[in-house]
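Engineer: Kindly return the folded structure for what I paste below:
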Amino acid sequence: MKSIVLSIFLSLVGIVVSAQTFEIKGTVADADGMPLPGVSIVVKNTTKGASTDFEGNFTITKVNKGEILIFSYLGYVTKEVTITNANTLNVQLNEDTQSLDEVVVIGYGTQKVSKISGSVSTVNQKNVELLKPVRAEEALQGQAAGVNVISNGSPGSKPTVLIRGIPSYTGTDPLVVIDGVSQTLDDLNSLNPSDIQSINVLKDAALSAIYGVKGGNGVIVVKTKSGKRNSKASFSFDSSYGVQKVANIIDVLNASEYAAILNEASSNAGEGLIFNDISNFGSGTNWQKEVLVDAPISVNNFTASGGSESTSYYLSAGYLQQEGVVGGGDKSFFNRANFTANFNTSITDKVTFIVNTNYANIKNSNLSENNITSVLSNALNFDPTVSPYDANGNFGTSSTITQEIRNPLALIDNTYNEGKTNKLTGKLELQYDLLDNLKITSRYGYTYVDVYGKNFSPLVFYGIGHNATNANPDLSPIVTVDGDGNETSTHSRVSESKTNYFNFTYELYGNFNFKIKEDHNFETVLGISIAKSTGDNITANAVDIPFNSWDYADVSSATGDPKSQTSSSWQYKNRNISYFSRINYDYKGKYLASFTGRADGSTSFGKNNKFAFFPSASLGWVVSNEDFFKSNTISYLKLRGSYGSVGNDNISPQFSTISTFPKYTFDGTIVSGSTLYSIPNNNVSWENQVQYNAGFDIKLFDSKVSLTADYFQKTVDDLLFNPTLSLYLGTPAYPASNIGKTKSYGIDATLGFNNTFSDDFNVNTTFSFTTSTNKVEKINNGDKFIWGAGYGIPYTTLTRFEEGFSPGYFYGYKTDGIFQNQSEIDAHATQDGAQPGDIRYADINNDGVIDANDRTKIGDPFPSFTLGWNLSLDYHNFDFNVFTYASVGGDIYRAYERNLNYTNRFSSTLDRWTGPGTSNSEPRVTFVDTNNNLRASDRYVEDGSFVKIKNVQIGYTLPSSFYKVTGFTKIRIYTQVKNAFTFTKYSGYDPEISSGVLDTGIDRGTYPQPRIFSLGVNVKF
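Structural biologist: Coordinates of the predicted model:
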């Protein structure tokens, strides 16, 4: 009887339990709504579960309300979902960008972040897409610690990129490696940023030494997107349209103020008035407002990706159109069309074939910028009393300015140039799994570039006192001179050029990974690399273009004297051969070690030093993996250190060449001359950088907070540069020499916070910090310095590369107020020509005389440190991102002030000295400057520190109920403001001035970065 009752009871229990269980179905997708196949789903604390199919679908039977499902997928954040009464579940997984198992691309392989003992900064796909840069380098600014990016506002212009300081005199561009193929920073102008999956910056020798002589300035490793196998075709379309505006203009004198100042300057010089009646001038013409325009920018990208069991593919097409805010229209623009095709296919179980191809077509036109002939320089200095056009509709001309300053609208109208570039890059790669843990890779990478350029300079009249001349500053005027040395005529001129570049690299290497007794893990690579770079150019020049018109501007149509038609050509060839190896080791994930070596041979070196060897080593200790480590706060802690050597071969190949370009006329016959063009130095050797790095990685509070910090130091021995030879040898390309030493040291750090507060609210923020101190420790020439860039007419050299100083510092006079009276002049060191109201200069060497020996350091263009702050918020269907960048400590030299007798002046002139006690900062105005108040001095140096809100973006993703009806998987609309606000004390257009190491910080009227207002849409289906 008891057994019968027990049986009935158990049956009733079973009925009740079965009534509580039910079947649950659902789908799992990524953040973009794309299904994820193979996701593991487990009922927590049981063995019951399932995995998603090809479409991301899953089914689990006999589950109970309140049970927890755990969704896990490689590369994504594991997610727990509590089962409710609903029997349909749609789950979204987010990429795990903070995972310790995240894999980053390094030289000739990949490595888990947790096992890297070197220093690397990573910018992921999401951050690139949010910023939407025109060039990929912009995504590194403030987001990659240790990297200083100085941008420019000109359409498509190349920024200056410095990785951990200023390493070299001959060039600072880092090596760029795109999908394993070595390229240059210039090649990034052809890469569509929307094709980028990740950017890794290899900052220390432990990681960059495997690139040897190419890795001295650091390495930027770019990985482009690829398709996923076992996934159906997916498509995306991204389109945005924006308007670019210049945020501010420089305060110059209006017409009335200009006329009054010129009258005063003339009177102070003892001359008559320039303008007898200034009452009707009013404000006059603000030339900046005439030349600065609102310019459009549009971006359109389309992608398709997917894959079968054996093949994956990624296809994309993109088109960018950007007009310049100076001039705009067909005078200043950058248009880029991109086509990308990436395929990965398994030929057999052991053989994989990869094809990556990118084609770019670039068309551009530009106006002269950041120099004395630039449009902005002329706009700042031209006569404000002149109207843009006269009564006849011609461009207005000045009756007073007879120097090089011209109507900037006329300059824009008469500037004609065009550039067309076709670039094809890519790779063919074959991978063979010889053994389970041995992979052999054969890779052929190539870059082909075809560039066509044309410049036309018409015959233009710019006003009385200006000779009819060529408008294009890139083409010097052709003149005829009579017996008295007077110009009798000038000619219109056209120049056409055709340039081709072809670079290839063939690499064969093997990756062998193995274990010894389970605890000792080895990852090794051994290989060889062969590279060749070639280039050739032909340029033709002709004069007298029919109708003085761009429509007929062609060398073949020119009607000028054949004797004035010239042509030239050049070609070059570089070759490299390299052998490289790396061994990575870890013991139980606790103790890490890496050893790298590369032997390089390069035609850039002299025959006595053709080969070089670059070794490196690094060690790491994952303290948090030790048995003794117990912490409720610290979830991960790794200590790192490295030492190594990398190089630089950024000089011309060491071959002797003769030029036959000079032409001479004897008895009416044109004869080619010959001159020594380049001289080899057989003893020149590779530039050797020795780098030290010490750092740590720590994660806190269940990895919600992360901090990576490094101290670095690098010295460069055998600094490469070109010395000046005697003019008795003609004007050859001077032979490269090893003649100096530099040192850089500093700290870079990245602090991150990532937390999901609920299913609907997520916060992700990173803060990066970089500081670098740079010093020239040794210059072997007699002067102990090398002159750099300068400005003005007559030309004034401003920057120096000098032993004991920071590279490219400003060199000039220090000012010490204004002489208020003659007694102050008498009490001061002898300063020839000084009068009351003139600038008093400091007697630096205390010899009682103000002369060239009193020049000293008056500024440093490179910042003391830079900061970047990126904040992303996701709430329900809204997303918000703001990126802020700061640069602190860099100086700027105002070189756009011409200060000639009749050029316009700047608002500070209104605070000029007009008598004792009236000013101690601005000198008197006069046409006769016996004191030379215009000499290079700290009067023109300003603090260039700034804080920029570089990007603000707000997006909204339409609810799934809306777009699923239409067949789309995601529709997101967004609005964006780039360069939203700039906070700076600098009085110029923009405190970011990019012109290279010895030219950075000199503002000759630099092209400002515009504020961009954009609307866009992302569609996925």
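Engineer: next structured bit after the helix or strand D826 falls within?
Structural biologist: In this structure, D826 sits in helix 822-827 according to DSSP states H and E. Using DSSP H and E, the helix or strand that directly follows helix 822-827 along the chain is strand 839-841.
Engineer: Just the buried residues of that next one, please?
Structural biologist: Buried residues in strand 839-841, counted by 16 or more other C-beta atoms under 10 Å: 839-841. The C-beta positions use only the backbone N, C-alpha and C, and glycine is treated the same way.
Engineer: could you say what helices and strands it packs with?
Structural biologist: If contacts are counted by 3 or more C-beta pairs under 8 Å, 6 or more residues apart in numbering; DSSP states H and E, strand 839-841 sits against strand 815-818.
Engineer: sorry, back to before: just send the buried residues of strand 839-841 back as a markdown table, with pLDDT and distance to G988 too.
Structural biologist: Putting these into a markdown table (pLDDT from 0 to 100; distance: C-beta to C-beta, whole Å) gives the following:
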| residue | pLDDT | distance to G988 |
| --- | --- | --- |
| I839 | 97 | 21 |
| R840 | 97 | 25 |
| Y841 | 97 | 24 |
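Engineer: of those residues, closest to K439?
Structural biologist: Y841 (67.9 Å; C-beta to C-beta).
Engineer: Spit out the contact partners of that closest one.
Structural biologist: The contact partners of Y841, taken as C-beta atoms under 8 Å, 6 or more residues apart in numbering, are 813-816, 831, 850, 854, 937.
Engineer: What subset of these is buried?
Structural biologist: 813-815, 831, 850, 854, 937.
Engineer: Quick one: mean pLDDT for the helix or strand containing K25?
Structural biologist: Using DSSP H and E, K25 sits within strand 21-29. Strand 21-29 carries an average pLDDT of 83.
Engineer: After it, which helix or strand is next?
Structural biologist: Scanning forward in sequence from strand 21-29 by DSSP H and E, the next helix or strand is strand 40-43.
Engineer: buried stuff in that next one?
Structural biologist: For strand 40-43, burial by neighbour count (16+ other C-beta under 10 Å) applies to 40-43.
Engineer: Parallel or antiparallel, which strands does that strand pair with?
Structural biologist: Using DSSP bridges, strand 40-43 pairs in its sheet with strand 49-51 (antiparallel), strand 68-72 (antiparallel).
Engineer: Quick check: which of those strands is nearest to F461?
Structural biologist: Of all those, strand 68-72 sits nearest to F461, with 75.1 Å by C-beta to C-beta.
Engineer: Contacts for that closest one, please.
Structural biologist: Here strand 68-72 has contacts from 24, 28, 39-44, 60, 63, 78-83, 89, 91, 93, using C-beta under 8 Å, 6+ apart.
Engineer: With only the CA atoms kept, save the following helix or strand past that strand in PDB.
Structural biologist: Note on strand 68-72: by DSSP H and E, the next helix or strand toward the C-terminus is strand 79-82. Coordinates of each C-alpha in strand 79-82 appear next as PDB, following Å, rounded to 0.1, in the frame of the first residue of the first chain:
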ATOM      1  CA  LYS A  79      26.200  37.600 -21.000                       C
ATOM      2  CA  GLU A  80      23.800  36.100 -18.400                       C
ATOM      3  CA  VAL A  81      20.000  36.300 -19.100                       C
ATOM      4  CA  THR A  82      17.300  35.200 -16.600                       C
END
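Engineer: Narrow the contacts of strand 68-72 to just the buried residues.
Structural biologist: For the contacts of strand 68-72, a burial check counting by 16+ other C-beta under 10 Å picks out 24, 28, 39-43, 60, 63, 79, 83, 89, 91, 93.
Engineer: still on that earlier bit, now tell me which of the buried residues of strand 40-43 the prediction trusts least.
Structural biologist: Among those, S40 has the lowest pLDDT, at 84.
Engineer: I'd like to check which residues are in contact with that one.
Structural biologist: Residues near S40 by C-beta under 8 Å, 6+ apart: 49, 51, 70-73.
Engineer: Could you do T352 as well?
Structural biologist: Contacts for T352 (C-beta under 8 Å, 6+ apart) come out as 344-346, 430-433.
Engineer: S529 against E507, yeah?
Structural biologist: Yes. The criterion here is C-beta atoms under 8 Å, and S529 meets it with E507 at 4.6 Å.
Engineer: ok, then the element right after whatever helix or strand T770 lives in?
Structural biologist: Assigned by DSSP H and E, T770 belongs to strand 761-779. Sequence-wise, the next helix or strand downstream of strand 761-779 (DSSP H and E) is strand 785-787.
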